[in-house]
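1. Need coordinates for the following:
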Amino acid sequence: MKVMENDTIYYRRNMPHIQPNGVAFFVTFRLAGSLPKEVMLQLKEEQLKNERLLYKVKDETERKKKINDRRKLYFGKFDEMLDNATSGPCWLKDERIVTVVADAIRFHDKKEYDLLAYCIMPNHVHLVFTVRHDFITSMRAKARATSTTSRYIVTDILRLIKGATA
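-> Numbering: from 1, shown residues only. Below is the predicted model of the structure:
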């Protein structure tokens with residue numbers, strides 16, 4: 001993890017995660033097993049291979065644009081696979097479960113984040129929100145004081161939602 005100018009947080013997991021202050025986040029999370037492991041691995045390998053090729057582009061501006069475009073395509077493929085999945089769990093088709101998830105999403109609105117939009121699909125969820133400044137401040141203070149809270153604000157928000165719905 002690296003903290004950059006304006007308290008922007010940057011870290012890598014499967015893809016780079018950038019958490020600048022004062023912006024809207026579009027987050028997708030999915031049910032475990034919603035896509036076969038082989039499909040996920042193939043998609044990730046394809047993405048890494050393509051990005052490695054793009055890192056050879058000499059012009060930095062062009063390289064960044066091409067990498068960004070490639071990541072959008074990756075997300076589009078990933079989202080399309082989730083939308084068209086014919087196997088795996090689809091628990092979010094159950095109205096009772098949808099209600100629990102929607103209530104958890106709305107519960108944190110105006111507390112940890114300002115919810116702009118959300119969409120619950122049969123096997124995944126999309127969220128658009130901005131993080132509330134007071135939540136950032138409190139979570140960073142907790143992160144410094146304990147090891148139980150992460151310094152990744154969006155991760156903490158997802159933990160709150162997923163923890164209440166699991």
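2. okay, and for the protein, where does confidence drop off?
-> Regions of the chain meeting the criterion pLDDT under 70 cover residues 1-19, 147-151.
3. Pick out the residue nearest the middle of it.
-> residue 27 (3.8 Å; C-alpha atoms, centre = their mean).
4. Mind telling me what element residue 130 is part of?
-> Taking DSSP states H and E as the definition, one finds residue 130 inside strand 124-131.
5. Which elements pack onto that strand?
-> strand 24-30, helix 95-107, strand 113-120, helix 153-165 (3 or more C-beta pairs under 8 Å, 6 or more residues apart in numbering; DSSP states H and E). Where you see a C-beta, it was placed from the backbone N, CA and C, and this is true even at glycine.
6. Check which residues of the second one are buried.
-> It stands for helix 95-107. Neighbour counts over helix 95-107 (16 or more other C-beta atoms under 10 Å) mark 98, 101, 104, 105 as buried.
7. Return the member of those residues nearest to residue 164.
-> Set against residue 164, the nearest of the buried residues of helix 95-107 by C-beta to C-beta is residue 104 (4.2 Å).
8. and that closest one, what does it touch?
-> Residue 104 makes contact with 160, 161, 164, 165, according to C-beta atoms under 8 Å, 6 or more residues apart in numbering.
9. still on that earlier bit, distance to residue 67 for the buried residues of helix 95-107 - can I get that in TSV?
-> Formatted as TSV, those follow (distance: C-beta to C-beta, whole Å):
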residue	distance to residue 67
98	36
101	33
104	34
105	31
